[in-house]
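Colleague: Sequence and computational prediction follow.
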Amino acid sequence: MSTDSAAELRAYRRAAQAAAFDHIGERYDDAFPHKDGQIAVAQWLIKRLPPNARVLDVGCGTGLPTARQLVAAGADVTGIDISPVMLSLARANVPEAAFLLVDATEMDVALGLFDAVVAFFSLLMLPRSEIPAALAALRGVLRPGGWLVLSMVEADLDDVPISFLGVSVHVTGYFEERLHRVVSEAGFRIVVQETVRYAPVDRYAPPEIQLFLVCQPDDS
C-alpha cells in the first residue's frame, strides 16, 4: 500500500471512529456510571503530582470522571479527543480545563510538556500497528520523571469491529503479558498494575477485564 493510500485509510478510519463517538455522546456515561478502578488509579496519581501539575488527558471523552477529578485536585488539565461531541460535553462538564480536537498520534509540540499523561481506554481505539507510535508520542510530552497512566481492556484483538452502545467501533486489546511487552518496548517501566472486572449497565456493552498500568519513562 502506498504512503498516500495508507494515510487516506487512516483518515477514513479516524473519521469513522469520531463519528461513532459523536453518536454515542451523552449515553456514554450512563452506560459506564461506575468507574471505581479509574477513579482509584487517578487518585493514586494525584497523591504523587507536584502542586499545579500539568496533566494531559488523552481521549478525554466527556471529561468525567478524570478531568474533573484532576481539576478538583488543583491540576492544570488539557484534554484531547477526536470527537467534537465528546469535547463539547467535556467543556460543559469541566469548564476549568482546556479541551482540544487532537489525535493522540499527531500531537503537536506546541502542547508543551506535562507532569503526567492519562490515557484511559483511548489507545484501544487504535490498531496495534499505531500503538507504539502513540506511546512514543506520549513519552515525548512527559517531563523527566513524569507519569503515564493507561488502561486497556484485556483481549486478543487487533482493530476488530464490535457493536458498542448500538454503533460499530474498531477496538484493540492485548493479553496482560503482551501489553507489558508493548509498553516496555516503548520505553516505559511499569510501576503499578491494577486489574478490574467490570460489567457495564448497558446491554450493548459486554463485561470486560480492565488493566490499569502506572508507568514512568525508563531512562536507565
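Modeller: Structure's in. What do you need?

Colleague: which element follows the helix or strand of the chain with the lowest mean pLDDT toward the C-terminus?
Modeller: When each helix and strand of the chain is scored by mean pLDDT, DSSP states H and E, helix 28-31 comes last, with a mean of 74. Towards the C-terminus, the helix or strand next in line after helix 28-31, according to DSSP states H and E, is helix 36-46.

Colleague: May I see the buried residues of that following helix?
Modeller: Along helix 36-46, these residues count as buried under the neighbour rule (16 or more other C-beta atoms under 10 Å): G37, Q38, V41, A42, W44, L45, I46. For the C-beta atoms, the positions are set from N, CA and C on the backbone; glycine is no exception.

Colleague: repeat for stretch 93-113
Modeller: Along stretch 93-113, the positions that meet the burial threshold by neighbour count (16+ other C-beta under 10 Å) are N93, V94, A97, A98, F99, V102, D103, A104, T105, M107, L111.

Colleague: Residues touching that stretch, excluding its own?
Modeller: When contacts are taken as C-beta atoms under 8 Å, 6 or more residues apart in numbering, the neighbours of stretch 93-113 outside the stretch itself are 14, 54, 56-60, 62-64, 67-68, 70-71, 77-82, 84, 87, 90-91, 119, 122-123, 126, 130, 133-134, 137-138, 140-143, 146.

Colleague: chain center to it, what's the gap?
Modeller: For stretch 93-113, the distance from its own C-alpha centre to the chain's C-alpha centre is 12 Å (C-alpha atoms, centre = their mean, to the nearest Å).

Colleague: Dump that stretch to PDB, restricted to CA.
Modeller: Written as PDB, here are the backbone C-alpha positions of stretch 93-113 (Å, rounded to 0.1, in the frame of the first residue of the first chain):
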ATOM      1  CA  ASN A  93     -18.700  19.300  32.400                       C
ATOM      2  CA  VAL A  94     -15.300  20.700  33.300                       C
ATOM      3  CA  PRO A  95     -15.100  24.300  32.200                       C
ATOM      4  CA  GLU A  96     -11.800  24.800  34.200                       C
ATOM      5  CA  ALA A  97      -9.900  22.500  31.800                       C
ATOM      6  CA  ALA A  98      -8.800  23.100  28.200                       C
ATOM      7  CA  PHE A  99     -10.100  20.600  25.600                       C
ATOM      8  CA  LEU A 100      -8.700  20.300  22.100                       C
ATOM      9  CA  LEU A 101      -9.500  18.400  19.000                       C
ATOM     10  CA  VAL A 102      -6.300  16.500  18.700                       C
ATOM     11  CA  ASP A 103      -5.400  12.900  17.600                       C
ATOM     12  CA  ALA A 104      -3.100  11.200  20.100                       C
ATOM     13  CA  THR A 105      -0.800  10.000  17.300                       C
ATOM     14  CA  GLU A 106      -0.500  13.600  15.900                       C
ATOM     15  CA  MET A 107       0.300  15.600  19.000                       C
ATOM     16  CA  ASP A 108       2.000  18.900  18.300                       C
ATOM     17  CA  VAL A 109       5.000  20.000  20.400                       C
ATOM     18  CA  ALA A 110       3.000  23.200  21.000                       C
ATOM     19  CA  LEU A 111       1.100  21.400  23.700                       C
ATOM     20  CA  GLY A 112       4.200  21.600  25.800                       C
ATOM     21  CA  LEU A 113       5.400  19.200  28.500                       C
END
